[in-house]
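Colleague: need coordinates for the following:
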Amino acid sequence: MKPDGNLDTISSGDLDKFLKDKYGEFQQIIIDFSNVDYIASSGLRVLALAHNQMKGKDGLLLRNVGEHVKEIFRLTGYIHVLKIEE
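Modeller: Numbering: from 1, shown residues only. Got it, this is the predicted structure:
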């Protein structure tokens, strides 16, 4: 999965729907954040739900997270919860 632009109220719904269809199919879900410029609280909520759904499996992995989005993860504490590949 490779979201594009901002993960806000509008686009996070699409990501949530996509992920809900995948929870039972995969041991790990990898999301490429290279094209994500901003993440709003609604996007953080989707990632928290995905993280919880993938517990007991290989989990949720975020790749290519830009510095601006990483800063949002730091400020919200998500940096300590989510698996982020450096």
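Colleague: what number of residues lie near the closest residue to Val65 other than its chain neighbours?
Modeller: Residue nearest to Val65 in three dimensions, not counting chain neighbours: Phe33, with 4.4 Å by Cβ to Cβ, 6 or more residues apart in numbering. Backbone N, C-alpha and C define where each C-beta goes, glycine included. Neighbourhood size, Phe33 [other Cβ atoms under 10 Å]: 20.
Colleague: my read is that Phe33 contacts Lys70, right?
Modeller: No - taking contacts as Cβ atoms under 8 Å, Phe33 lies outside contact range of Lys70: 9.1 Å.
Colleague: hey, where'd the strands end up in this structure?
Modeller: With DSSP state E, the ranges of strands along the chain come out as 5-7, 28-32, 36-39, 59-63, 83-84.
Colleague: which secondary structure elements does the fourth one contact?
Modeller: What it means is strand 59-63. Packed against strand 59-63, as judged by 3 or more Cβ pairs under 8 Å, 6 or more residues apart in numbering; DSSP states H and E, are the following elements: strand 28-32, helix 41-53, strand 83-84.
Colleague: brilliant, that's me finished.
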